[in-house]
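> Okay, sequence plus prediction incoming.
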Amino acid sequence: MAEIALHGEEHGHPTGLTRWLFTTNHKDIGTLYLCFSLLMFFIGGSFALVVRAELFQPGLQFVSATTFTQMTTLHALVMIFGAIMPSFVGLANWMVPIMIGAPDMALPRLNNWSFWILPFAFVMLLSTWAMPGGPPTSGWTLYPPNSLQTGMAFPFVIFAIHLMGISSVMGAINIVTTIFNMRAPGMTWSRLPLFVWSWLITGFLLIGAMPVLAGAVTMLLTDKYFGTSFFSAAGGGDPVMFQHVFWFFGHPEVYIMILPAFGIVSQIVPTFSRKPLFGYHSMVYAICAIAFLSFVVWAHHMFTVGMPLAGELFFMYSTILIAVPTGVKVFNWIATMWRGSLTFETPMLWALAFIVLFTIGGFSGLMLGLAPVDFQYQDTYFVVAHFHYVLVTGALFAIVAAVYYWLPKWTGHMYDERLGKIHFWISAIFVNVLFFPQHFLGLAGMPRRIPDYAVQYAEWNMISSIGAFVFGFAQLLFLYNLIRAVRGRGPRATAQVWEGAHGLEWTLPSPPPYHSFTEPPKIDDAQAHS
């Protein structure tokens, strides 16, 4: 039996290690992605807790200044490429084929490969701690010349980033191909669930943006080891050019991490409002508009490099323009809830927190998009507060909402609803204790990525660090609740687990293709199969 568990098959199906290593089943691969991203979430979170422990008081308490900046670099790389992105790919693997009526992903072997690249990439990235010099001290942006001063760990970081990019691009190609080619008869474009639409657009963003990052880090590598001078002013290069190339990837990357979250919230809000999604087509157009604009606003990260006034104006106006389709989405979510029959189960609580707190991140983003005042905000904790409101209370909250929402479908068992709500309230309160004071620190002038600071910043830093530790350890409740459901400790989930007394079939929470306040059109058999 032990041999079967490791290598063999039982009743014709692979079991044990063989099942997980060689699987081409979209559900198994989705599970692998989700488990891997959960592990990376705790690893990346532990790096963040080291940073916050160091910032609890002024002065150097626990780690050196070099180790501190290395922690910030790896925290970002692990959280972005190891936690947020793989978890969205895992959700897509699980749910996209089910939502469009496909038997599996279009390219199942590629699907297996795109996952198994990731563990090797992150072993390589994390092993840089054991190398002379350690990880880069430049932050995740890897700006030269700082990043080029890294020791022998540098090529390992670059190769790890290449592997992450290859994995992401292959996953995106697979998802886009599946959506285009494997929709069930009658599943027209105007009937696609919003989660599928959001991932279709995200797939194109990944295919367009990730090769740009690969080019940027390859040029860094050749600057360090092959005598080129792309970014070296001494050899006729320009360090600012790296910023342009990096942020041409980096800004679409932000939307790669938030568009699937929009899709998740667009599934959950109608379910617990007992209403179809308001403005289905406008939601789709808004996603497309956000994706297009994300490629033309990259230099708003660079207002302080000395670009021409016309450049500043263009990037300022185009940045502010993104608020329009984003506002459309927030309005439509609120309109969906308006006069709905709302209930507040755990997934809905996370979705509501997403709407409120992501909107705060959007408002601070508008402030950062204003070139004249960005000169004060640049490289301060205000920027840290802004992007964590987008990525933690945005992307992460949506992922947690999705896990609670679809977990009964995945496991056949309910999670503990009371424990889920306790987890939500602790997280929602202390994530604000963690990040909201950072707005004040930034406006007062505290720079980011610095381990020591002036004594006038001490109180808000102490509050922020307390929030970090409570929020971080609260996620252990989430882990316990997950394990409990996976092991079948909760009650059995029914076929309509979110149905309640309202007759809403939870497995199809996507909107019908008609407007919220009109009757659905009649479709005959010929139309359905066209």
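Nice, I can see it. Numbering: from 1, shown residues only.
> ok, and the helix or strand in the protein with the lowest average confidence?
helix 2-6 (a mean of 43; mean pLDDT, DSSP states H and E).
> For stretch 416-431, the averaged confidence score.
For stretch 416-431, mean pLDDT is 96.
> tell me the contacts of the residue lying closest to residue 347 once chain neighbours are set aside?
Nearest residue to residue 347, sequence neighbours excluded (CB to CB, 6 or more residues apart in numbering): residue 405, at 3.8 Å. Every residue, glycine included, has its C-beta placed from N, CA and C. Applying CB atoms under 8 Å, 6 or more residues apart in numbering to residue 405 gives the contacts 264, 267-268, 271, 347, 498.
> quick check, distance from the helix or strand harbouring residue 405 to the centre of its chain.
Under DSSP states H and E, the secondary-structure element containing residue 405 is helix 397-411. Counting by CA atoms, centre = their mean, to the nearest Å, helix 397-411 is centred 15 Å from the centre of its parent chain.
> what's the helix or strand following it packed up against?
Using DSSP H and E, the helix or strand that follows helix 397-411 in sequence is helix 417-443. Secondary-structure packing of helix 417-443 (3 or more CB pairs under 8 Å, 6 or more residues apart in numbering; DSSP states H and E): helix 346-369, helix 371-377, helix 381-390, helix 458-486.
> How much space separates residue 126 from residue 70?
Between residue 126 and residue 70 the computed distance is 11 Å (CB to CB, to the nearest Å).
> Between these two, which is the more surrounded one?
residue 70 (25 against 19; other CB atoms under 10 Å).
> so which strand or helix has the nearest residue to that one once chain neighbours are set aside?
Sequence neighbours aside, residue 135 is the residue nearest to residue 70 in space, at 4.4 Å (criterion: CB to CB, 6+ apart). Element membership of residue 135, judged by DSSP H and E, is empty: it is in no helix or strand.
> Ok, residue 336 next?
Counting by DSSP H and E, residue 336 is found in helix 323-337.
> for that helix, packing partners?
Packed next to helix 323-337, using 3+ CB pairs under 8 Å, 6+ apart, are helix 259-273, helix 280-294, helix 346-369.
> Any chance of the contacts of residue 405 in a markdown table with distance to residue 45, pLDDT and neighbour count as columns?
Below are these laid out as a markdown table (distance: CB to CB, whole Å; pLDDT from 0 to 100; neighbours: other CB atoms under 10 Å):
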| residue | distance to residue 45 | pLDDT | neighbour count |
| --- | --- | --- | --- |
| 264 | 21 | 96 | 29 |
| 267 | 26 | 94 | 27 |
| 268 | 24 | 95 | 28 |
| 271 | 29 | 92 | 24 |
| 347 | 22 | 96 | 27 |
| 498 | 30 | 68 | 23 |
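> Looking at those residues, spot the one nearest residue 197.
Using CB to CB, residue 267 comes nearest to residue 197 of those, at 10.8 Å.
> What separation is there between that closest one and residue 304?
In terms of CB to CB, residue 267 sits 40 Å off from residue 304.
> With residue 402 instead?
37 Å.
> Look at those two and report which has more neighbours.
More crowded of residue 402 and residue 304, by other CB under 10 Å: residue 402, with 28 against 12.
> Could you report the distance from that one to residue 408?
Distance from residue 402 to residue 408, counting by CB to CB: 12 Å.
> Likewise for residue 426?
With distances taken as CB to CB, residue 426 is found 22 Å from residue 408.
> Which one of those two is surrounded by more residues?
Per other CB under 10 Å, whichever of residue 426 and residue 408 has more neighbours is residue 408, with 20 against 16.
> Wasn't residue 106 part of a strand?
No: counting by DSSP: H, G, I helix; E, B strand; the rest coil, residue 106 is not part of a strand but coil.
> Identify each buried residue in stretch 115-129, please.
Across stretch 115-129, burial judged by 16 or more other CB atoms under 10 Å covers 115-118, 121-122, 124-126, 128.
> outside of that stretch, which residues touch it?
Under CB under 8 Å, 6+ apart, the answer for stretch 115-129 is 21, 29, 32-33, 36, 40, 43, 70, 74, 77-78, 81-82, 86, 134-135, 153, 156-157, 159-161, 163-164, 166-167, 170.
> again, but for stretch 53-72
Contact with stretch 53-72 is made by 47-48, 50-51, 129, 134-140, 449, 451-455, 457-458, 461-462, 464-465, 469, as judged by CB under 8 Å, 6+ apart.
> What subset of those is buried?
47-48, 50-51, 134-140, 449, 451, 453, 457, 461, 464-465.
> what residue ranges in the stretch 401-530 of the chain score low on pLDDT?
495-496, 498-530 (pLDDT under 70).
> let's see it at 90
Residue ranges of the stretch 401-530 of the chain with pLDDT under 90: 409, 412, 488-530.
> for the chain, same thing?
Low-confidence segments of the chain (pLDDT under 90): 1-19, 133, 145-152, 233-234, 409, 412, 488-530.
> hmm, 50 instead?
1-7, 500-523, 526-530 (pLDDT under 50).
> and the gap between residue 351 and residue 270?
Separation of residue 351 from residue 270 (CB to CB): 10 Å.
> Which one's more surrounded, those two?
Using other CB under 10 Å, the more surrounded residue of residue 351 and residue 270 is residue 351, with 28 against 24.
> Cheers, nothing more for now.
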